[in-house]
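> Provide a 3D model corresponding to the input given below.
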Amino acid sequence: MVRYGVDPVLRTHSGVSVVADDERAGSAVASCYVLGEHAVVFADPAAVELVSTFRPDGLPAEVLEDWQRFGAGVGAEVLGVGIVRTLVTEPVRVEGIAVVDRDDPRDVERLRVMLAGCSEDDVDEAEIDLDELDPIIRCSETGPGGALTAYASAYSSDNLAGRWDIGTLTHPDHRRQGLGLRALQRLTWDLVAGGNEPVYRHNADNLASAALAERGGYAIAARLAAIRLTAD
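Numbering: from 1, shown residues only. Now for the predicted structure:
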């Protein structure tokens, strides 16, 4: 496994690889990633035997539809369809972006105030949990130490072999001002400068997040759909 658990050579070969993912143990979740011509299913180890029976019927562009139909056929809950993007341009260093410390109560309180003005759906998609914040956080602010207006963070996932998964969120009162892009650009710069590779994920129907990622230099590397298997 070199990228998303599969040798890059397999990207040009049709077929399905199934990977027992210890991070998903006990979750009953399985996610199908389409990488070029190949599909890779990361699954709760307990679900590997079942998902190994998945055989897509259509072209690579239709694999995720086949996967969701497979899920429905085995009584699974479809959790959503997403996009994975990787950086394809040189990062841009942006000044005036705050380094937010998850261990500083003052910074956590500023985040709490910002999140209070955002919808629950937006917070969920950005995967922000005040009790378990990401280790790297960059935010735009109204002034030094002032209110936070846009947020970008990253965490390292074993699933992505050392790559860093990014989440972004802009307060509704401060959208369409380029603040989310500035926070993302600075986060991207800092990640790359530290020798890390950033990965940007978003729901397939989140057009605003897709546009932000594109402006930030991220191009589509994979598409995925996740299901949760239900107990018999």
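
> Now do the strands in the protein.
15-20, 29-35, 38-43, 77-87, 98-100, 136-141, 148-156, 164-170, 198-203, 218-228 (DSSP state E).

> Would you indicate which residues of the last one are buried?
Right, strand 218-228. Buried residues in strand 218-228, counting neighbours by 16 or more other Cβ atoms under 10 Å, are found at 218, 221-227. C-beta: built from backbone N, CA, C; applies to glycine.

> quick one: average pLDDT of that strand?
Mean per-residue pLDDT for strand 218-228: 93.

> Let me know the distance separating the nearest residue to residue 133 once chain neighbours are set aside from residue 121.
Distances taken as Cβ to Cβ, 6 or more residues apart in numbering put residue 102 closest to residue 133, at 3.8 Å, once the chain neighbours are dropped. Using Cβ to Cβ, to the nearest Å, residue 102 is found at 23 Å from residue 121.

> Looking at the two, which one has more neighbours?
residue 102 (15 against 10; other Cβ atoms under 10 Å).

> Could you check how far that one is from residue 30?
31 Å.

> Check residue 174 too.
For residue 174 relative to residue 30 (Cβ to Cβ), the value is 37 Å.

> same thing with residue 96?
43 Å.

> Which one's more surrounded, these two?
residue 30 (28 against 10).

> Need the nearest residue in space to that one, chain neighbours excluded.
residue 43 (3.7 Å).

> quick one: contacts of stretch 150-158?
23, 100, 111, 114, 126, 128, 133-140, 162-171, 174, 179-180, 182-184, 186-187, 191, 196, 198 (Cβ atoms under 8 Å, 6 or more residues apart in numbering).

> Make a PyMOL selection of the buried ones in the residues you listed.
A single PyMOL command is used to select the members of the contacts of stretch 150-158 judged buried by 16+ other Cβ under 10 Å:
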select buried, resi 100+111+114+126+128+133+134+136+137+138+139+140+163+164+165+166+167+168+169+170+171+174+179+180+182+183+184+186+187+191+196+198
